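In: What follows is a predicted protein model with its sequence.
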Amino acid sequence: MILAPEQTHDVATPSGPMRCYVLRPDGPGRYPGVVFYSEIFQVTGPVRRVAAYLAGHGYVVAIPEIFHDLEPDPGVVLEYDQAGADRGNAHKIAKPVPGYDADTRAALDLLAAHPSCNGALGAMGICIGGHLAWRAAFEPDVLAAVCFYATDIHTRSLGEGQHDDTITRFGDIRGELLAVFGRQDPHVPREGRELIHAALEDAGTTFSWHEVNGQHAFVRDEGPRYDAELSRQVLGLALDLFGRRLR
């Protein structure tokens, strides 16, 4: 599908305005909505390209700036270098978990009210964004969530105080979840993956689980860890889930 020009929305949240970028198919029609959460580097080129891929398959995609309340100006993109990683990781544990959740609700409400959205809502994310998409699945109107190599779930170390409750709330998921992890990802080692998988089983969650031979950030189409074939496969899994649950 041909995409309409990107839209920018500054959405009200309890911690101030949050910039969201909306990509959607061009022309008339209404489509399911997906909140797409970035890595710690915010809305980079690779993030926009994945969002465009999803929108091109018939979705209204909103990308929120996850650190809008910690960066001085909207539109800040952190570099894929050590300084950018250090800054993003510092933000990750400075922001209170309720702030992340409030941002999710605001982004979902933006999509639900969008004239091109049909009201069916999902979430997708990579790295910290995978964790945020996982938490988005706790919202009752989220029908499907796609989580690529979600960090900090097994360590319960997201947000201020580094003691999040994500792994204790899997029973709150009413939709379907897709979890994808790379076996060569040091951020989520085997014991961490086993802990998460067991918690999903114990909670009775409806989920699909895929482990691939990939490194952390293998979906990011910049840098040496990118794996084009694995990216094609897992993005196809995402489209399959959204096609089943949001169409």
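Out: Ah, there it is.
In: Spell out which helix or strand contains the residue nearest in space to the middle of the chain, please.
Out: If you average the C-alpha coordinates of the chain and look for the closest C-alpha using CA atoms, centre = their mean, you land on G125, 1.9 Å from that point. Assigning secondary structure by DSSP states H and E places G125 in strand 117-126.
In: so how far is G236 from D152?
Out: 26 Å (CB to CB, to the nearest Å). In this view, the C-beta of every residue, glycine as well, is placed from N, C-alpha and C.
In: now do D26
Out: From D26 across to G236, the span is 23 Å (CB to CB).
In: Nearest spatial neighbour of T104, chain-adjacent residues omitted?
Out: Taking CB to CB, 6 or more residues apart in numbering, and ignoring the residues beside it in sequence, T104 has A136 as its nearest neighbour in space, at 4.8 Å.
In: Next secondary structure element downstream of the helix or strand containing A133?
Out: Secondary structure from DSSP H and E places A133 in helix 128-136. Per DSSP H and E, helix 128-136 leads on to strand 142-148 as the next helix or strand towards the C-terminus.
In: Show me what that following strand is packed up against.
Out: strand 117-126, helix 128-136, strand 176-182, helix 228-246 (3 or more CB pairs under 8 Å, 6 or more residues apart in numbering; DSSP states H and E).
In: Tabulate those (a markdown table), appending distance to D221 and mean pLDDT.
Out: Conversion of the helices and strands packed on strand 142-148 to a markdown table gives the following (distance: least, CB to CB, whole Å; pLDDT from 0 to 100):
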| stretch | distance to D221 | mean pLDDT |
| --- | --- | --- |
| strand 117-126 | 11 | 98 |
| helix 128-136 | 15 | 99 |
| strand 176-182 | 15 | 98 |
| helix 228-246 | 7 | 98 |
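In: Out of those, which gets nearest to A198?
Out: Shortest distance between A198 and these, using CB to CB, is found for strand 176-182: 12.6 Å.
In: which residues touch the closest one?
Out: 134, 137, 143-150, 188, 193, 196, 200, 205-216, 218, 234, 237-238, 241, 244-245 (CB atoms under 8 Å, 6 or more residues apart in numbering).
In: Buried members of those residues into PyMOL, please.
Out: Applied in PyMOL, the following selects the buried portion of those according to 16 or more other CB atoms under 10 Å:
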select buried, resi 134+137+143+144+145+146+147+148+149+150+188+193+196+200+205+207+212+214+215+216+218+234+238+241+245
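In: So for the helix or strand containing P46, mean pLDDT?
Out: Take DSSP H and E as the rule and P46 turns out to sit in helix 45-55. Model confidence over helix 45-55 averages 98 on the pLDDT scale.
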